[in-house]
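1. Pasted the sequence and its predicted model underneath.
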Amino acid sequence: MPTPVKPFSRLRAGDLEVDIRSGEVRRNGEKIKLGQRAFQILVVLMQHPGEVVTREEIRQNLWPGDTFVDFEHGINTAVKKLREAVGDNAQAPQYIETLPRYGYRFLPPVESLGTNGVAQEGETPVSPPQPQEVPRPVAKKRRLRAAAAGGLIAFLTIGVFLGLRRQRSRSAAFPAWTQITRFSDSATQPALSPDGGMIAFIRGAETFVTPGEIYVKILPDGEPVQLTHDNLPKMAPAFSPDGSRIAYTATDRSFNWDTWVVPVLGGEPRRLLPNAASLTWPDHQHVLFSELRQPPETMAIVTADESRAKERDIYLPAPAGMAHRSWTSPDGKWILLSEMDAAGWMPCRVVSFDGSSPGWSAGPNPARCTYAGWSPDGKTMYFSADAGNGFHIWRQRFPHSAPEQLTAGATEEEGIAVSPDGRSLVTSAGIKESTVWVHDTQGDRPASGEGFASVPGLGYGGEVTRSVFSPDGKKLFYLVRKQNSRAWTSGELWSTDLGSGKSEAALPGIAIDSVFDIAPDGKQVAFQTSDANGAHVWVASLDRLTPPQLVTPSVASSPGFGPGGRIYFLARDGDRWLLHGAASEGSGSSADRFARVSPRGNWWLTGVAPVTAHPAQKGPEALICKFCSAGWGPDGRFFYLRFRGVGEMGGGSMIVIALPPGKEFPPLPPGGVNSIEDARGLNVVEKIDMNDKAIFAPGPNSSVYAYTRVTVKRNLYRIPLD
């Protein structure tokens, strides 16, 4: 790490000069006005030229008492103002380079200057600033006030530098992680053998269900060996008690969640149990797994033997809840589980193995918790959870104590495999970034700037077409993550002028969960938020002349505009979702969370596997496809069908069908449209390769669209535990 320059110096980098004591910044001799936070950030970066200073380090030293939301907004605003003041450009930086979601680096060399403006000993001298006009005298009181302010800023900034130096010294003392895999793509979902001598994992990017293959590696330095070759989406590898087999979940476009086993020494995989996900062995005689129930669609935790005899429920979540993974305590009395509801991942939970207690929330709360595990003595629980600053490793003494965060920083850590001796755990660590791109006559280009950005649309976790463009196609709206949320995608609503490239917050300070829809006239936006009571539907004016309005006091979700500007949304009635119009009366129509209304209001679609069209009036239903994402463009002239794999990086292909005048569907074959080949004879005007496109949002015509591009790189690391 470069040696930081002395903290009590005047600093110079090119034509930029900073006096820490007086709190003054000059460029080419001209004084620049900077706020206190922007000044402090500049000094900290100049004290470590060429070195990355992480956002977390800045947060702990400059925003120690503020909330995560205050920090996210504050640092982004301060860095933006700093760049504007020094004339820097984020896209082609001269001074400050941004490493998205990680930190910042000051690019040019920095000199420490003496009081006469000459470089101090050991520094390379440069030409002093040009002479400047002497300021006019000011009143003595103002001079004293300015001096006091400058002294305070200097005191605070020096304190920040020293705190950062102490923090980095402490960080250097932490035990080093040991890298286990070194793939150029990703390794995820680690599982250790009972003796700790082997590790199984999926070579794939996603931490839930991912396209990829099962690998096994002898620790510490064996070569990874590929055990499966079927290209099916998979998740949750686990060793059998004797270490001879690896179980894993595989699925396909029919959404069957089946457990397969493959010998550790190689051989053909075989199906062990259908409709059994994330299977593990609590002992040699029994298995523990997640089982899908319908209706309503719910995933329960059950136990049985390998023939499924003596099956017994352990945990049944609320309707539409999905308990996806489970881990048995060493004494066999308790189960840790991860689950999700319609909004997304929930905090992890502890339940009793005998099913006598629904248990309690465990780990950080509120948080999205995806993985958990036990220490060998059963006294400590470990979690992979996102409590506001990304997925990191936490631990908590069983049964009740304050959760403690073990990892932090730029990477995210998902997956928990605790070693048999309890001295370490293995996780998958890496960086995930999401940007919004636009495709039009100019080709493909990024539309979002810094931050984790997304659009609602056709793809994993969305499945519903929304209007994200202004009616004239000149503006694109998207979400930029500003705070923690359990939603699949979330953030503040931003817009980019596609002509000038200028971006700005459209609804500053409002955290939107996953879904928004721009009105047909471009003047309003309907959107969804969440609080402790559930999801809520709102409508807001994009000119911000009036405050946002709550559409319904009931818990509701998935808003979208229909004909005549009517807002449709979903509300729960017991075990059912009901589709409502904001101006309508009555109980609504039974639907699911992926319901969407046609532009003319004559039909509505539900489901993913399959997608079914329901008439608004009496009449027969129509099968759209057995597994796809489907919907209309903003003006109803085009119908979109996406054929993809299972998982966030589903890829696949998209076809755009021009609809006959007055029609809301193309002429559908009896079995639906399940591939591009099935669309022959339909008026297909576009075929779009969806590789590298996670979520797709249609634009004002068939050749204009937006999409979310997600990039991931993860590898396995062993983390020592004290």
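-> All right, it came through fine.

2. Going by C-alpha atoms from here, please, whenever you check contacts or count neighbours.
-> Fine.

3. Return the residues in contact with the residue lying closest to residue 224 once chain neighbours are set aside.
-> In space, and not counting its chain neighbours, residue 224 is closest to residue 217: 4.5 Å by CA to CA, 6 or more residues apart in numbering. For residue 217, the contact set (CA atoms under 8 Å, 6 or more residues apart in numbering) comprises 198-200, 223-225.

4. between those, which is closest to residue 465?
-> Set against residue 465, the nearest of the contacts of residue 217 by CA to CA is residue 200 (38.1 Å).

5. Could you give the average pLDDT over whatever helix or strand that closest one lives in?
-> Using DSSP states H and E, residue 200 sits in strand 198-203. Averaged across strand 198-203, the pLDDT comes to 98.

6. same deal with stretch 250-262?
-> Per-residue scores along stretch 250-262 average to 86.

7. end-to-end on it?
-> Taking CA to CA, to the nearest Å, the first and last residues of stretch 250-262 lie 12 Å apart.

8. With stretch 492-511 instead?
-> Stretch 492-511 has an end-to-end distance of 5 Å (CA to CA).

9. quick one on the thing from earlier: tell me what the residue nearest to residue 224 is bridged to.
-> residue 199 (DSSP bridges).

10. same thing with residue 304?
-> Bridge pairing for residue 304 - DSSP bridges - gives residue 287.

11. mind checking how far it is from residue 328?
-> In this view, residue 304 and residue 328 are 14 Å apart by CA to CA.

12. And the two? Which one has more around it.
-> Shown here are residue 304 and residue 328; by other CA atoms under 10 Å, residue 328 has more neighbours (23 against 17).

13. Highest neighbour count among the contacts of residue 217?
-> In terms of neighbours by other CA under 10 Å, the contacts of residue 217 top out with residue 200 at 28 neighbours.

14. what sits against it?
-> 190-193, 214-217, 237-239, 246.

15. which stretches of this protein form helices?
-> For the chain, the helices defined by DSSP state H occupy 36-47, 55-62, 68-86, 140-172.

16. Most widely separated two among the contacts of residue 217?
-> 200 and 223 (12.0 Å).

17. For beta bridges, what are the partners of the residue nearest to residue 359 when sequence neighbours are not counted?
-> Closest residue to residue 359 apart from its sequence neighbours, by CA to CA, 6+ apart: residue 351 at 4.1 Å. Beta-bridge partners for residue 351, by DSSP bridges, are residue 335.

18. where's residue 351 relative to residue 369, distance?
-> The value you get for residue 351 to residue 369, if CA to CA is used, is 15 Å.

19. Out of these two, name the residue with the larger neighbour count.
-> Between residue 351 and residue 369, counting by other CA under 10 Å, residue 369 is the more crowded of the two (30 against 22).

20. thinking again about what came up before, which among the contacts of residue 200 gets closest to residue 296?
-> residue 237 (27.7 Å).

21. Correct me if wrong: the closest one contacts residue 245.
-> No: at 10.0 Å, residue 237 does not count as touching residue 245 under the criterion of CA atoms under 8 Å.

22. So those two - more neighbours on which side?
-> Neighbour tally, residue 237 and residue 245, criterion other CA under 10 Å: the higher count belongs to residue 237, 28 against 19.

23. show me what contacts the more buried one?
-> Residue 237 touches 189-191, 200-202, 214, 246-249, 278, counting by CA under 8 Å, 6+ apart.

24. Filter those down to the ones in strands?
-> Taking DSSP state E as the definition of strands, the contacts of residue 237 contribute 189-191, 200-202, 214, 246-249, 278.

25. looking at this protein, which helix or strand is least sure?
-> Scoring the helices and strands of the chain by mean pLDDT, DSSP states H and E places helix 140-172 at the bottom, with a mean of 44.

26. Show me what residue 527 is bridged to.
-> So, taking DSSP bridges as the rule, residue 527 has residue 516, residue 538 as bridge partners.

27. can you count the residues close to it?
-> 27.

28. I'd assumed residue 541 was in contact with it.
-> No: using CA under 8 Å, residue 527 is not in contact with residue 541; the gap is 11.3 Å.

29. what's residue 664 in contact with, if anything?
-> Counting by CA under 8 Å, 6+ apart, residue 664 touches 598, 600, 636, 639.

30. Compute the number of surrounding residues for the last one.
-> Going back to what we said before, that points to residue 639. Neighbour count for residue 639, taken as other CA under 10 Å: 21.

31. Quick check, pLDDT for residue 173.
-> Per-residue pLDDT puts residue 173 at 41.

32. sorry, that was for residue 636
-> Per-residue pLDDT puts residue 636 at 91.

33. Then residue 342?
-> 73.

34. Is it correct that residue 423 is in contact with residue 718?
-> No: between residue 423 and residue 718 there is no contact under CA under 8 Å: 10.0 Å.

35. Between those two, which has more neighbouring residues?
-> residue 718 (19 against 13).

36. Report the beta-bridge partner residues of the residue nearest to the more buried one when sequence neighbours are not counted.
-> Leaving aside its sequence neighbours, residue 718 sits nearest to residue 426 (CA to CA, 6+ apart; 4.4 Å). Counting by DSSP bridges, residue 426 forms beta bridges with residue 417, residue 718.

37. what about the chain, any weak spots by pLDDT?
-> 1-9, 63-73, 101, 114-175, 253-254, 461-462, 483-489, 574-577, 582-594, 647-650 (pLDDT under 70).

38. what's the domain layout of it?
-> Listed by automatic domain parsing, the domain ranges of the chain are 10-172, 178-431+714-720, 442-703.

39. any idea how far the last one is from the chain center?
-> For domain 442-703, the separation from the chain centroid amounts to 19 Å (computed by CA atoms, centre = their mean, to the nearest Å).
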